[in-house]
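**Q** Sequence and predicted structure are below.
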Amino acid sequence: MDYVTFQDVCKYYHMGDQTIAASDHVTFQIKQGEFCIIVGPSGAGKTTVLNILGGMDSCDEGLVSLDGRRVSDMNEKQLTDYRRHDVGFVFQFYNLVQNLTALENVELASEICREPLDPAAVMDSVGLSARKDNFPAQLSGGEQQRVAIARALAKNPKILLCDEPTGALDYNTGKTILKLLQNCCRNMEKTVIVVTHNLALTPMADRVIHIHSGSVASIEENRSPLPVAQIEW
Amino acid sequence: MKKYTLTILREIKQSFGRFAAIIAIVALGVGFLVGILSSTPDMKAAVNAYYDASAMSDFDIKSTMGLTEDDIRTLTQLPQVDQAMPAMVTDALIATDDSERLTARIYGLDFSSQPINQLTILEGRMPQADNECVMEDPNAHMARLSIGDSLTLSENHDNWEDTYTQKEFTIVGIVDNPYYFCNAKEPSSIGNGRASVICYTNDSAYALDAYTDIFLTVKDPIPAFSDEYDEQINHVTAEIEKVSDVRIQARYQEVLAEATEKVDKAKRKLEREKKKAAQELADAAVELRNGRQELANGAARLADAKQQLKDGRAKLQDGKKELKEGKTQLKKGKKELHASKKQLDQARPSVEQAKAAQETGMPLSDEVLSQIKAYEQGLKSWKKGSAQLKSQEKKLKNAQQKIKNNEKQLADAKQQIASQEKQLADARIELAKGQAEYQNAEAEANEEFAKAEKKIRKAERKLKDLKKPEWYILDRDSNVSYARYKIDVEKVASVATVFPIFFFLVAALVSLTTMTRMVEEERIQIGTLKALGYRPLKIMSKYLAYCGTATVMGCAVGLAAGFHLLPAAIYRAYASQYSLPELTFQFNWQYALLSCSLEILCTLGATWLACGHTLREKPAALMIPRAPKAGKRILLERIGFLWKRLSFSYKATARNIFRYKKHLFMTIVGITGCTALMVAGFGMRDSMSEIVKTQFTDLFRYDMRIELAEDDQDSVLTEFLQGKEHVKVRNMNGDVTGTKTKEKISATVYIPEDTEAFGNFVNLRDRKSGAAIPFTEHSAVLTEKMADALELSMGDTFTLMDSDEKSADFTLTGITENYVGCYLYLDPSLYVSAFGDAEYNGYLLKSGITALDEQDETASQLQDSEFVSSAEFMSQSQESYETTLSSIDIIVYILILCAGALAVVVLYNLTNININERSRELATLRVLGYHHSEVARYIFREISLLAILGTLTGLAAGWALHYYVIRTAESVDMMMGRDVAPLSYVLATVITLAFSALVDILMLFKLRRIQMVESMKAVD
């Protein structure tokens, strides 16, 4: 049972006379509840895949579906609703609204979706019970990213998309965040998709999709993923 | 360097909205400033050029006794005088072809040389014959006549031959005279009080022996409408005054001699006439006397005849009686004769017997013989008696005939007498007639002589009273067109000062903000360049170049547009009031340099400062994203129950507003400025549009004013005043001074005869409370602006000086609302005790006559009254004030339009900055699944709140700005409304918010273009 399906997805960019394929017949499937890592070097087209999956961008060819719904056929408004209800997004640079408190940033997301989780409870679950009323500027990077994850989780999305979630964080903090994401996947049974250029992270994933020059180089399924604590880079 | 230049160009291309916004703001600020500032000089220059081209006179000299060639010679000899042109100018009543009665101003000119006030022919040709004329292109206050129409001096114009040689003029052309370029009433002292036709004809159409006017131009004239020009003119006026004394004396002698000669001639003629009349009367008297004598003779003759008749009648009566007697006698004699005959006849046979017997010889007894003898004797006496009777009878017959003749004669005589009697009666009537005629002639002659004598006496008296002539040296300020234009242009200047400066400041502030923001946005790039080893000046040069280019381009656009559009628009607004020449645009370096350098200084200075500030930081610090400014708790959060109710987006808005204080401040100041400009603009219109109406309908309740030459009434005036509410007033001009300032204000003083009724004609009230000001004994009420200028308040003492320099102090008892003119209302008893007798010289009345032609007719009808010197309808004054003010309307609309444009640009710019700064945040929201509309609401809620805040402060600032502008633009004799109408506040609010909404709509497109991938980017 494939939860996420990418079938021959192509995305072209036109630079003058040249046409560059950011995604070139990308095909892969992800099952529900999997922790999936999309990995590849810079400029390989990982983010394009993430954008298309996240409903932030549309593909020029091919089929994208999530939980049986064809994302690739959605118009802009449907895409917005799709992002609103089905996708949770974690950014590299957290993207918190600076003049809302941590809790309010979570509410920012939960206020607009159908069946949100209790923002305070989510905050508790990411371990930020004490910092709910702090403004982002008063939080460390890791804490901010946790708020961002809480914001994504509070929407109770079908998938959690993370773009280089540890990119701006130090090693230890990065590890905690990854742990948090892994826990989300295991405990809350969320489908988590992480985009990274860091190959060292792959052992922790159920499925690893290698992207190279806009197309899928290989897909490996990991029967026994390692806990984050055992991973080093 | 090359690459670096490229980054500047790329920067411009990428942030074209901002670049264009800076250009637009700078262009607006500079354009508005130079445009408004140069409007006044441009307008002055245009008319000066027109004056130069048509040699507009600097002076018009009039004399009460006419001006001669000698006067002209004297004036041209003045070193300051360039040219002199004599003219004959009179106002006369004329009739048009449609027998409309109009007042015409008729110029008699020498068309062969026109050194001054040159006529430009617009249509037709110049006059050739004396009965031809050209007409000034009629303005709205003049009659719409055309070529081919003829003007006939009105029948009422007595002795027109004294002045003119022609009675009728035909219009052959239409001309333009620089003297009359304004669309205003040309006042006239006759007819309805305004010249409806101004026409120019040959000077030979005039019979006058002297000129009425001399027009002068000065040498090396300074452009008019300036203080320097006024100074020059004052100087020349003094020079002319100097020479005028001599000329006045000479002219006086000349006229005096002429007049004396004329009077003497008249006297001599009168004497001659008197003598002749006396002779004629004497002859008539003699004739009358003769007639009377004849009549007496006739009467005597008649009496004689009557006597004779009577005698004749008596004689006739006697004759008749005699005749009757004779007839009786005759009858008796006849009877006797008959009896004797009978006797004789009886006796005859016996006698005959006897005779016969005798013959026979028978002797006859004696007895018989005696018998025969007796018979014979009897027969003889009968015969004799019979003859006698016969003659008697004949005699009687004759007598009867004679009586008959006599009777006829008597009847004839009687008839004769009767006819004579009739003749006599006729003669008597004729004599009586002759007598009456004689008396009439005598009376008539006497009357005529009395008249002539009176005339002579009057002339003599006049001669005795003959004052030296006066010269009126009128400069251009007395020219209606010049004066109106000067005031109008100055009005532009008075409005012009405050508005554009404020406008400019707002624009400068916004461009400054924009640059500061830009530098702050690009701190990472600055850091990178710094790290790469670029020198600070080089880094700075990018921003200086960016902003410099935008500012210089803005200045160029602003100068080009400002120097052309605004003066042209304002000029066109005035064009309806004047027949103006083309506007000549001049590039005013001063204004250009001033405004551009100020603007460049502002923007470059701001950029420099912002760059300097950023560049002082270490590159390392610049490279890492600046710690986002911490969110802060705001006061509102303390109010828990309220705060909890707010959704997060409202919370964000509330916090945002207070987070970026500079941002808040700039936005609010920008919007405040625009709103304030609009409030002031609309307020200006309120202040001006209402005052005239208030003045002429609410405050002046009378609609007509009559000035009297003498306080008396004749039938024309009495009839007119009948049934119309009126109050008699004394009206004079006086100078009012207070004690606190040295200012002296010339005011119109009204002293009503009926103090109580005066309130019906002039509404005395306090402006603020609207409460009526009592006008009773000892009341002295001043108008508000005057009291204000003299710093007088109730109970203060002020001094009034009349035209004879007599002065008196009064206590101010009231300050009344008034907008146009300066008035002092004085109680008559107060006036009398201060100045003596109050000679009433006018009426204020409610005529109810509104139609213009009816007013004209009334005014000219009233001219027939010998006591009325002029009649004026307030609605006409109102109209002229309104047209003056309507031109200001255009300026106000330009202000509003510019303020609106500024509002759009400012809001666009600020919103643009706002969105640019927050693009990441907005992209994140989009990624989180926010719809476009929700994102728009999130951002516009903040902008709208700022716009509302800015508008609110703008309303307050607008009130203040309006007050300041009004106070600057006001003159002593024109107070403007101090209040801004609520509607204006509403309009300013609505327009600002509408512009804000418009900008929001424009920004929607920008919001839609925000890429969600922005959210992926690192914080920059």
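**A** Cool, the structure landed. Numbers count the residues shown, from 1 in each chain, chains lettered A, B, ... in the order given.
**Q** Where is the longest helix in chain A?
**A** helix A:171-187 (DSSP state H).
**Q** List the buried residues for it?
**A** Neighbour counts using 16 or more other CB atoms under 10 Å in any protein chain shown place A:173-178, A:180-182, A:184-185 of helix A:171-187 among the buried residues. No exception for glycine: its C-beta is placed from N, CA and C like everyone else's.
**Q** what does stretch B:118-134 give?
**A** So stretch B:118-134, judged by 16+ other CB under 10 Å, has buried residues B:119, B:124, B:126-127, B:130-134.
**Q** roughly how far is the longest helix of chain A from the heart of the chain?
**A** 13 Å (CA atoms, centre = their mean, to the nearest Å).
**Q** same thing with stretch B:102-110?
**A** Using CA atoms, centre = their mean, the offset of stretch B:102-110 from its chain centre is 18 Å.
**Q** that older thread, for the helix or strand that comes right after the longest helix of chain A, which helices and strands make contact with it?
**A** Sequence-wise, the next helix or strand downstream of helix A:171-187 (DSSP states H and E) is strand A:191-196. Secondary-structure packing of strand A:191-196 (3 or more CB pairs under 8 Å, 6 or more residues apart in numbering or on different chains; DSSP states H and E): strand A:2-15, strand A:18-31, strand A:35-39, helix A:46-53, strand A:159-163, helix A:171-187.
**Q** you'd agree residue B:521 is up against residue B:916?
**A** Yes. Using CB atoms under 8 Å, residue B:521 is in contact with residue B:916, at 6.9 Å.
**Q** give me the residue from chain B nearest chain A.
**A** residue B:929 (2.7 Å; CB to the nearest CB).
**Q** per-residue confidence for that residue?
**A** pLDDT for residue B:929: 85.
**Q** count of neighbours near it?
**A** 24 (other CB atoms under 10 Å in any protein chain shown).
**Q** Please apply the same query to residue B:162.
**A** Neighbours of residue B:162 using other CB under 10 Å come to 9.
**Q** which residues touch the closest residue to it other than its chain neighbours?
**A** Nearest-residue entry for residue B:162: residue B:207, 6.4 Å, with adjacent residues in sequence omitted and distances by CB to CB, 6 or more residues apart in numbering or on different chains. Shown in contact with residue B:207 (CB atoms under 8 Å, 6 or more residues apart in numbering or on different chains): B:161-165.
**Q** Can you tell me which of those residues are buried?
**A** B:163-164.
**Q** Taking the contacts of residue B:207, tell me the two that lie furthest apart.
**A** Pairwise distances across the contacts of residue B:207 peak at 10.4 Å for B:162 and B:165 (criterion: CB to CB).
**Q** Hmm, residue B:819 is touching residue B:692, no?
**A** Yes. Counting by CB under 8 Å, residue B:819 touches residue B:692, with 7.3 Å between them.
**Q** who's more crowded, those two?
**A** Taking neighbours as other CB under 10 Å, residue B:819 and residue B:692 compare with residue B:819 leading, 26 against 22.
**Q** show me what contacts that one?
**A** B:691-692, B:694-695, B:699, B:785, B:974-977.
**Q** Please report the distance of it from residue B:773.
**A** According to CB to CB, to the nearest Å, residue B:819 and residue B:773 sit 16 Å apart.
**Q** before we move on, what about residue B:781?
**A** From residue B:781 over to residue B:773 (counting by CB to CB), the distance is 6 Å.
**Q** Which residues are in contact with each of these two?
**A** With CB under 8 Å, 6+ apart as the test, residue B:781 and residue B:773 both reach B:764, B:813-816.
**Q** so which of the residues you listed also contact chain A?
**A** The subset of the shared contacts of residue B:781 and residue B:773 within reach of chain A, by CB under 8 Å from any CB of the partner chain, is empty.
**Q** Tell me who's in contact with residue A:177.
**A** Counted by CB under 8 Å, 6+ apart, residue A:177 has contacts A:142, A:145-146, A:149, A:165-166, A:169.
**Q** Which of these fall within helices?
**A** Filtering the contacts of residue A:177 for helices - DSSP H - leaves A:142, A:145-146, A:149.
**Q** which one of those has the most neighbours?
**A** Going by other CB under 10 Å, residue A:145 tops the ones in helices among the contacts of residue A:177 with 30 neighbours.
**Q** so that one makes contact with residue A:163?
**A** No. Using CB under 8 Å as the test, residue A:145 is too far from residue A:163 to be in contact (11.4 Å).
**Q** Name the nearest residue to whatever residue of chain A ends up closest to chain B, ignoring sequence neighbours.
**A** Going by CB to the nearest CB, chain B is nearest to residue A:84 of chain A, at 2.7 Å. Nearest non-adjacent residue to residue A:84, counting by CB to CB, 6+ apart: residue B:929, 2.7 Å away.
**Q** I'd say that neighbour and residue A:77 touch.
**A** No. Counting by CB under 8 Å, residue B:929 sits too far from residue A:77 to count as a contact (11.1 Å).
**Q** Please state the offset of stretch A:181-200 from the chain centre?
**A** On CA atoms, centre = their mean, the centre of stretch A:181-200 falls 8 Å from that of its chain.
**Q** repeat for stretch B:910-923
**A** The answer for stretch B:910-923 is 63 Å, by CA atoms, centre = their mean.
**Q** right, is that stretch up against chain A?
**A** Yes. Counting by CB under 8 Å from any CB, chain A is contacted by stretch B:910-923 at B:920-921, B:923.
**Q** For the residues you listed, which PyMOL command selects only the ones that are buried?
**A** Buried residues among the residues of stretch B:910-923 next to chain A (16+ other CB under 10 Å), as a PyMOL selection:
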select buried, chain B and resi 920+921+923
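**Q** Which ones among the residues of stretch B:910-923 next to chain A lie within helices?
**A** Per DSSP H, these map to helices at B:920-921, B:923.
**Q** and which of those is nearest residue B:61?
**A** residue B:921 (79.9 Å).
**Q** Just the element for the nearest residue to that closest one once chain neighbours are set aside, please.
**A** In space, and not counting its chain neighbours, residue B:921 is closest to residue A:97: 5.8 Å by CB to CB, 6+ apart. For residue A:97, there is no helix or strand it lies in under DSSP H and E.
**Q** Report the contact partners of residue A:97.
**A** Taking CB under 8 Å, 6+ apart, one finds A:104-105, A:108, A:136, B:652, B:921, B:924 in contact with residue A:97.
**Q** just to revisit the earlier point, element containing the residue of chain B closest to chain A, please.
**A** Here residue B:929 is covered by no helix or strand, with elements defined by DSSP H and E.
**Q** Can you name the residues that contact it?
**A** A:80-85, A:87, A:109, A:112-113, A:155 are the contacts of residue B:929 under CB under 8 Å, 6+ apart.
**Q** For chain A, what lies in contact range of chain B?
**A** So far as CB under 8 Å from any CB goes, chain A lies against chain B at A:47, A:51, A:54, A:56-57, A:77, A:80-85, A:87, A:89, A:91-93, A:95, A:97-101, A:104, A:107-109, A:111-113, A:135-138, A:151, A:155, A:163, A:168.
**Q** give the contact list for the most centrally placed residue in chain A.
**A** The centroid of chain A falls nearest to residue A:161 when counting by CA atoms, centre = their mean (1.2 Å). Residue A:161 makes contact with A:50, A:53-54, A:87-90, A:193, A:195, according to CB under 8 Å, 6+ apart.
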